[in-house]
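Model the structure of this input:
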Amino acid sequence: MKRISILSTLLFCGIMALHGQKNIPLDTTQWDIQAEGYVLEPYKGSDAIYLHSGSMTLKDANFLNGTIEYDIYLKKDRGFPGVSFRVNDDNAELFYIRPHQSGNPDANQTIPIIKGLTAWQLYFGPKYSFPYEYSHDRWTHVKIAVNDNKAQIFLDHAEKPNLSWNLYHEPKAGGISFSGGGISGVHLANIRVNHETPQIKDFEPKERKALEGLIPEWELSDKFDEKLLEDVGSIDGLISKRKWKHKVQVEEGVAANISRKLTLEDDPMNTVFAKVTVTSDEAQTKLLEFGYSDRVVVILNGKPIYKGTNRFRSRDYRYLGTIGLFDAVYVDLKKGKNTLLLAVSEDFGGWLVTGRFQEDKGLKIK
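This is a model prediction of the structure:
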């Protein structure tokens with residue numbers, strides 16, 4: 001009887017290995033661990049890693065299509081534990097959990113990483129998140145199925161996907177990296193990667209309603225230090241020194257993503273001008289509705305007319321700073337060409353700009 005049990009176990013392990021379903025050992029041979037601290041330990045019945053404020057990257061991973069599965073032991077503490085896949089330089093696809101938002105519409109997030117920025121202030125809502133009641137007394141199982149430009153999430157061995165979505169980047173094989181739960185840490189176990197292309201079923205991605213009448217394209221300047229905007233008398237000189245090499249279009253029917261063209265780095269160069277030319281058939285006053293992330297100075301024909309802040313938690317403790325037409329200013333347009341600039345400064349969460357004239361009769365916008 002014992003011999004049969006051993007043979008059955010060996011057969012099972014062979015089948016699992018054949019299909020790429022064997023757990024990846026949690027050790028530094030397989031993983032590059034960059035964290036403030038980590039512990040390899042048995043936890044709640046599984047061989048696990050406790051990851052504190054950091055990440056662990058699978059060595060020599062070359063993931064294009066397949067499935068990624070893992071178990072995570074969630075706490076009620078605020079955190080954002082997740083997994084990035086198809087990691088190429090500063091670009092990737094990401095799924096993470098917000099355990100402190102259990103049951104809420106934003107209990108989790110799928111999002112692209114673009115030039116190192118996770119623009120969750122743009123990619124939000126039912127298209128990218130789903131409500132889920134998490135358990136805090138057992139392991140939560142996560143499965144991500146990826147096939148070309150499609151992906152699906154299955155939690156706790158669900159038969160149907162909890163979420164289906166279209167991936168942002170063009171399909172390209174890349175790395176796999178798990179991020180920790182912040183200062184509270186997180187336990188991970190039973191990580192498996194299968195490179196067999198999965199069959200995508202019940203693929204029903206959510207749609208997002210576009211905002212009407214948006215300025216479709218913005219011209220971008222090179223980056224500069226936000227502090228240079230403080231000297232109002234030097235605004236003309238600041239504008240004249242700029243180089244204009246990029247244009248960025250509205251996406252999601254909501255906003256233009258500046259990080260598509262420019263990289264936000266750890267230096268004071270965190271600001272750009274987003275420009276449009278407005279030709280008016282007469283001198284008139286129009287209401288400009290606009291959105292931005294994280295801060296803005298609106299400049300019309302070289303004159304600053306508005307300054308605002310829309311960053312995370314800037315208006316109350318739960319304010320997310322998501323993009324929308326939440327600000328407005330009356331602009332006095334002269335007859336002929338007018339130069340409208342939005343100086344947009346970014347910290348994190350999405351480098352974004354959007355806008356429209358509430359009523360555009362007599363205007364041509366380029």
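
Tell me if I'm right that residue 121 and residue 352 touch.
Yes: in this structure residue 121 lies within contact range of residue 352 using C-beta atoms under 8 Å: 6.4 Å. (C-beta placed from N, C-alpha, C; glycine too.)

intersection of neighbour lists for the two?
Overlap of the contact sets of residue 121 and residue 352 (by C-beta atoms under 8 Å, 6 or more residues apart in numbering) consists of 293, 323.

Please export the C-alpha coordinates of stretch 275-285 as CSV.
Presented in CSV, the C-alpha positions along stretch 275-285 are these (Å, rounded to 0.1, in the frame of the first residue of the first chain):
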residue,chain,number,x,y,z
LYS,A,275,-0.4,73.1,-25.5
VAL,A,276,-3.2,73.7,-27.9
THR,A,277,-3.8,76.7,-30.3
VAL,A,278,-7.4,78.1,-30.1
THR,A,279,-8.5,80.3,-33.0
SER,A,280,-11.5,82.4,-32.2
ASP,A,281,-13.7,84.2,-34.8
GLU,A,282,-14.2,87.1,-32.3
ALA,A,283,-13.2,88.3,-28.9
GLN,A,284,-15.2,86.2,-26.5
THR,A,285,-15.3,84.5,-23.1
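
Show residues contacting that stretch.
By C-beta under 8 Å, 6+ apart, stretch 275-285 touches 215, 217-221, 244, 286, 330-342, 357, 362-366.

same deal with stretch 194-214?
Residues outside stretch 194-214 that contact it (C-beta under 8 Å, 6+ apart): 19-21, 63-67, 69, 125-127, 145-147, 150, 152, 160-161, 164-166, 250, 252-254, 324-325, 354-357, 360.

Okay, and which of these map to strands?
Among those, the ones falling in strands (DSSP state E) are 66-67, 69, 145-147, 150, 152, 164-166, 250, 354-357.

From the residues you listed, pick the one nearest residue 267.
Nearest to residue 267 among the ones in strands among the contacts of stretch 194-214 is residue 354, at 25.7 Å by C-beta to C-beta.

okay, now the closest one: neighbour count?
Counted with other C-beta atoms under 10 Å, residues neighbouring residue 354 total 26.

now do residue 260
Residue 260, neighbours per other C-beta under 10 Å, totals 16.

now swap in residue 182 and tell me
Residue 182 has 15 nearby residues by other C-beta under 10 Å.

starting at the chain centroid, how far to stretch 100-117?
Remark: stretch 100-117 is offset 7 Å from the chain centroid, using C-alpha atoms, centre = their mean, to the nearest Å.

Can you give me the first-to-last residue distance of it?
End-to-end span of stretch 100-117 (C-alpha to C-alpha, to the nearest Å): 22 Å.

residue boundaries of the strands in the stretch 151-300 of the chain?
Secondary structure of the stretch 151-300 of the chain by DSSP state E, counting those that start in this stretch: the strands cover 163-166, 175-179, 186-194, 217-221, 244-251, 255-257, 271-280, 284-293, 295-300.

What's the mean pLDDT across the second one?
Averaging the model's pLDDT scores along strand 175-179 yields 97.

same check, this time on stretch 66-74
Averaging pLDDT along stretch 66-74 gives 98.

Provide the partner residues of residue 187 in its beta bridges.
residue 50, residue 73 (DSSP bridges).

Tell me how far it lies from residue 177.
Distance, residue 187 to residue 177, by C-beta to C-beta, to the nearest Å: 17 Å.

Look up how far residue 256 lies from the residue lying closest to residue 260 once chain neighbours are set aside.
With C-beta to C-beta, 6 or more residues apart in numbering as the criterion, residue 260 has its nearest non-adjacent residue at 5.7 Å, and that residue is residue 248. In this view, residue 248 and residue 256 are 4 Å apart by C-beta to C-beta.

Looking at these two, which one has more neighbours?
residue 256 (27 against 22).

if I pick residue 258, what's in contact with it?
220, 248, 272, 274, 344, 346, 351, 352, 353 are the contacts of residue 258 under C-beta under 8 Å, 6+ apart.

between the residues you listed, which is closest to residue 37?
Nearest to residue 37 out of the contacts of residue 258 is residue 346 (C-beta to C-beta; 30.1 Å).
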